[in-house]
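**Student:** Based on what follows, work out the 3D shape:
(chains A and B)
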There are 2 protein chains.
Amino acid sequence: MASEKLRALYSPSSSAVIGASDNPDKIGGRSIGYLRDYGYAGQVYPVNPRREFVQGLPSYDAVGKIDDPIDLALIATPADRVLEELDACGQQGVRVCVVLSSGFGELGDAGKQLEQRIVEVAHRYSMRVLGPNCQGVANIATGSIASFSTCFATHHVRDGALAIVSQSGAVAGMLSDIHSAHPEGIRYWVASGNEADIGLGELIHEALRDPAVRVVEAYCEHLKRPEELAQAAEYASRSGKAILMLKAGVTPAGSEAAGSHTGALAQDDAVVDAFLRHCGVVRADSLRQISDLAKVFAGRKRARGNGVAILTNSGGLGVMMADRCRAAGLEIRALRPATKNALDAHLPDFAATDNPVDITAELLTNTRLLSQTLPVLAGDPGVDVVVVALGIIGRGYDVAAIVDDITAAHHDSDAVVVVCWTGGDEAAVEELSRRGVATYTDDAACVHAIGRFVEHCRRQSARGRGPAATTTTFAPPAGGSITEWARHASSTGLLSEFTSKRVLRRWNLPVVAGRVVPDADAAVRTAREIGHPVVVKLSSAEVTHKTELGLVVTNLRTDDDVRAAADTVLARAENAGIGSVDGLLVERMALGHLEFAIGARWDDTFGPIVLIGAGGIYVETMADFQLVFPSSTRAQIEDAIRSLTIYPMLENHRGTGPLDRDALVELVMSFSRMVGAAGADLAEVDLNPVFVAPAGHGVSIADALVRLRPPEGAR
Amino acid sequence: MASEKLRALYSPSSSAVIGASDNPDKIGGRSIGYLRDYGYAGQVYPVNPRREFVQGLPSYDAVGKIDDPIDLALIATPADRVLEELDACGQQGVRVCVVLSSGFGELGDAGKQLEQRIVEVAHRYSMRVLGPNCQGVANIATGSIASFSTCFATHHVRDGALAIVSQSGAVAGMLSDIHSAHPEGIRYWVASGNEADIGLGELIHEALRDPAVRVVEAYCEHLKRPEELAQAAEYASRSGKAILMLKAGVTPAGSEAAGSHTGALAQDDAVVDAFLRHCGVVRADSLRQISDLAKVFAGRKRARGNGVAILTNSGGLGVMMADRCRAAGLEIRALRPATKNALDAHLPDFAATDNPVDITAELLTNTRLLSQTLPVLAGDPGVDVVVVALGIIGRGYDVAAIVDDITAAHHDSDAVVVVCWTGGDEAAVEELSRRGVATYTDDAACVHAIGRFVEHCRRQSARGRGPAATTTTFAPPAGGSITEWARHASSTGLLSEFTSKRVLRRWNLPVVAGRVVPDADAAVRTAREIGHPVVVKLSSAEVTHKTELGLVVTNLRTDDDVRAAADTVLARAENAGIGSVDGLLVERMALGHLEFAIGARWDDTFGPIVLIGAGGIYVETMADFQLVFPSSTRAQIEDAIRSLTIYPMLENHRGTGPLDRDALVELVMSFSRMVGAAGADLAEVDLNPVFVAPAGHGVSIADALVRLRPPEGAR
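**Tutor:** Residues are numbered from 1 along each chain as shown, chains lettered A, B, ... in the order given. So this is what the prediction gives:
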């Protein structure tokens, strides 16, 4: 049902233009000209009470006067007339409205209220609305151009396998312009503006439903409904398609600029970035990069692995591309002896049959050299991607044979064949692309795109394996329901360290052994029972920075040490005037070789977010952390840990060898289950430090802090 | 004198072609065709004993038969005839020969010996030689094209302010092709091949001497004579020009490929990279990137600082560019109130006068808007670079006025004005470039290039301030001459830790206090004298991994502790069968909050190299280090330390605040002086760990190892 309205948006059988202008250069006039220029076959109804004809078409006084059913109505009136026009559209039975008019949320709170009323009108009539403050929508295949973007006039946009879905009309126009110079055509083009109703996620999802669409290029300044994007990404993943996204507002400067541009609040880029990775949305950094990535992602073949072979007619180009492979996560594979022998049979003696394979200028003499060598390379089991790197192909080369041989090798092998043709023949580059071979003219862009593609293929195939840490229906164990602990919380929702650890223990998280005791005598007895060395800390739900206040004493090995520490901590607490003291927390001292921090917080847009990072002094000064979500799979959690700067120390810690990575992953999985089950009731959790011992010896949570959602009144 | 021969290479008054062919498609024929096509006005003498005329020119039987003076002789014969032709050239008085022939060093040792003989012939006649195995040299201004590269046929190369100096002819051709699509022209083009005689450094230096040349684009696979490049870079720096370099062979895969391509050995890329930065050579990553960087580096203005203002007609483009600024080291500056007021006067209410300044579509209405706003922005004292970011400029815009206003703002202000015109008018982009305004069509490339440019300007201006750590003439202090210590060294050149530290102390490096004693009794006495806590270690020039062998005991606080440790260490040494034991080293225990490692080694190509890195476990697992040179300035050493991953911990260590960064810098300066003075006699020094205490409390070298150059026989 929702999809049926969005189908009407992309492929309307009939369109009304409200505020239609006879001048094809005016906002209310451009669409009518474009519909004609791009050969739209549906009915077009201009609405303009002051004219009998608009650009040669009979004009209507009001949308209600149109008797035929209308799929799409374009509204190009001033902002103050939009609501009444929407209402009229609703009454007429229009399925979807596109509000081009600006003067809404981007101007502040009054505008935002107006948008709320747009949504109310839409709901009343079960009508959907694109915009307001948007540049509209276009379907190049049907010629339905409900947009005033000048990009449709600058170049005649060609139909193809791309969809451009953007919050900014200007950016959508620039993307379309960039593609005008490339062979890849565009099926859908939509600029969503303020997204009062229809958002990016739904638009992307609907575009992907078209079998002709292979890749969506999206531009986002503020992600409003992440779950819709997640669904679209899920659909893309199932159908072997890809969503590429340019997410702006990364830095404070950028997000302030985005705020003044769209009126939306800044989002924490680290969270958005983690969410996109989580969903399998591929993030691009620039307009040129997104259009470069689209070439290789548009292909129907997926890469089995990261093994690359380069075949080149320029030694220097081969060297440069081989160099860039490592940073892109690609591996220049050693060729099998059988492969090298087979290449030797066709190549002259001075050619290099090591990878990169340098065929020198032999292609000039033997025009079918590629047909003899490419299938051999592509057939080597270690080679997942073959890069054909062509330098200058001047006079005397048989370009048609080169194009044929590359195309055949790509289609007839399991490996993906990608071409980098620097200073290449434009027609040949276009022809290769048309035949489904991703073809670049820049070495760096080519290797970068292959690297991102291979990484995406790996993540997509790994994601399927292994269960997610949690699902939303996961039931908490006895005593694990977060709400049960609310009565222990301070006024701001804080639980004491001891209570925090009790909660964690219910979820089987590896908390160090410990007990709360009233005084020094009890501390000495408890220390003996749990075994030295111990740590003595103040237990209170009020104090969060115990170390800084001298309320933690570590490495206590004798009765005397424990007694002295207990007395000191109690005295300091009294001097500091700390009220709600539960007593002393006596714990076995955690042992381990590397400190991590694991945390979670509730985000109103994204729900619970889990942090894994370097602990101790590193988490603060180095900002070495990664974010995952309760629905992340084990593979995703492993990827996140592998991405930490300190990861090499986990793999090979000096003097001890590998540490217990598996136990750390298991801890994050269990922790995520708890966080997912708790939902919004759990405001924040911070486990820091978590010590990781050598492989097989586990992990232990040395300090923990849980903050529940404060009671309604306190928020 | 050297320069005069190179001038003949770039601008010969007369040229002979030995092995001249009548077929303009053959290697021996192309140059003659190019010389005609590009309008060379000098004399051309084909040498071919089997022909009377070559491509219409009278042919000579031998170069010796030419009576006129010859500046440049191109040799295009088979490899086995090259030596005799060179000899004939020498006798004729030819000033410089270009050997296109391949079949030399790239084929192995026999070929390398042949190259050695080429050099001998050249020296005999005081003649210079380019190549062998090279694609030659071209001067587009004079039309002297002594090359067989097809790039001169593919496009008619235009004269301009760039020089392309490349070890690979194919890469030089690709660079030339890339520029054929850009307005920037090329003055010199040279491919140096195997560099038996003339190398990159000299070629770059000579190209820079031409007042018309602003930027050299260089491609290097193996840097043979770094000092020549350093001289060229010094010249570039003094004359406000720039050297951009693509250095290939970065990764093992790349450098293996480079090795099989040119026959040169792999170089440690970290050293090459540090050396380029040291000299002020700007390193690029790809062909497209080097040509992108050339645009902004070709300008005559330099950036005062990293403050950027963006003026755009597309909010989205402004957001994306603002986002990218931070990663590029640029700062989106808050505008002064006066600036904002002045902008307000010209911009409509809905335009954003915060930075980025979004002028919206107002440029359509007010064609002189840029003349009113750009000078205001460029005049803000916080703004060092103004980026004019133009999205689609469609029908109705006055493009000529836009070009005029941008040009005027660039030339009339202290700020550098750079344009990013996505989907822009090609003619306008070309016109802006012609008028000296760096103009990009891609947002990411634009911001990246500005970032690199600003960073280069900063380094160049900082480099001048403050003295270098050393000069080659620095005299060692008494007892500081490295050769004096040779008699203490082991057979492999190692000094014991104690002796190593004695050497360091002569150079006033902050070594912890300590003494070598024969037995446990003496250790106890010494520990009392220097003060507890102490460390007891074995003293021996033979053992380098004392910790692993249990020969170091730290944190000894009592007489009993010291005695027990001393006995243990001596017993372990005996059990391990260590021969040359000097005794026990008793040292005061070093205190500090962060461990660094400082080291140096001698490199046969680059001389002494100094390493600064994270110490302790980090130096090994994280590879967090930077390289500098004895001639690095204080600013360069500070930059290197700032580039370390652990740097934030030096600035703000948890609990202690900033650590003693100045003392660390001072230590590296003194250390560099020592290393520079010692030269090749010092094979290797390793100070690890070096403890850095809180600001004002200095640094101390806890462990040190010096290895001298082993005696001749032992090497």
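**Student:** where in the stretch 601-715 of chain A is pLDDT low?
**Tutor:** Residues of the stretch 601-715 of chain A meeting the criterion pLDDT under 70: A:616-621, A:654-655, A:712-715.
**Student:** which residues of it fall in strands?
**Tutor:** Using DSSP state E, counting those that start in this stretch, the strands assigned to the stretch 601-715 of chain A run over residues A:607-614, A:625-628, A:682-692, A:699-701, A:704-708.
**Student:** For chain B, which of these is the nearest?
**Tutor:** With CB to the nearest CB, the closest approach to chain B among the strands of the stretch 601-715 of chain A belongs to strand A:607-614: 11.2 Å. In short, each C-beta sits where N, CA and C put it, glycine included.
**Student:** buried ones in the helix ranked longest in chain A?
**Tutor:** If you go by DSSP state H, chain A has its longest helix at helix A:443-464. Neighbour-count burial for helix A:443-464 flags A:443-459, A:463 (criterion: 16 or more other CB atoms under 10 Å in any protein chain shown).
**Student:** Restricting to these, which residues neighbour chain B?
**Tutor:** Filtering those for proximity to chain B (criterion: CB under 8 Å from any CB of the partner chain) leaves A:443-445.
**Student:** Nearest to B:D22, out of those: which one, please.
**Tutor:** A:D443 (36.8 Å; CB to CB).
**Student:** residue ranges for the helices of the stretch 51-200 of chain A, please.
**Tutor:** With helices called from DSSP state H, counting those that start in this stretch, the stretch 51-200 of chain A shows them at A:82-92, A:109-124, A:151-154, A:169-180, A:200-208.
**Student:** Just the CA atoms from the first one would do, formatted as CSV, please.
**Tutor:** Taking C-alpha atoms only, helix A:82-92 is exported to CSV below (Å, rounded to 0.1, in the frame of the first residue of the first chain):
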residue,chain,number,x,y,z
VAL,A,82,0.2,24.9,0.2
LEU,A,83,-2.2,23.6,2.9
GLU,A,84,-5.4,24.4,1.0
GLU,A,85,-4.0,23.0,-2.2
LEU,A,86,-3.1,19.8,-0.4
ASP,A,87,-6.6,19.6,1.0
ALA,A,88,-8.1,20.1,-2.4
CYS,A,89,-5.8,17.3,-3.7
GLY,A,90,-6.9,15.0,-1.0
GLN,A,91,-10.5,15.6,-1.9
GLN,A,92,-9.8,15.1,-5.5
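**Student:** what residues does it touch?
**Tutor:** With CB atoms under 8 Å, 6 or more residues apart in numbering or on different chains as the test, helix A:82-92 has contacts from A:16, A:18-19, A:62-64, A:66, A:70, A:73, A:75, A:77, A:97, A:99, A:101, A:114, A:117-118, A:121-122, A:124-125, A:127, A:129, A:132.
**Student:** Also compute the angle for it relative to helix A:109-124, please.
**Tutor:** 0 degrees (axes from the mean of the first three to the mean of the last three CA atoms, to 10 degrees).
**Student:** what's the pLDDT at the most centrally placed residue in chain A?
**Tutor:** In chain A, the centroid-proximal residue (CA atoms, centre = their mean) is A:L276; its distance is 1.4 Å. A:L276 carries a pLDDT value of 95.
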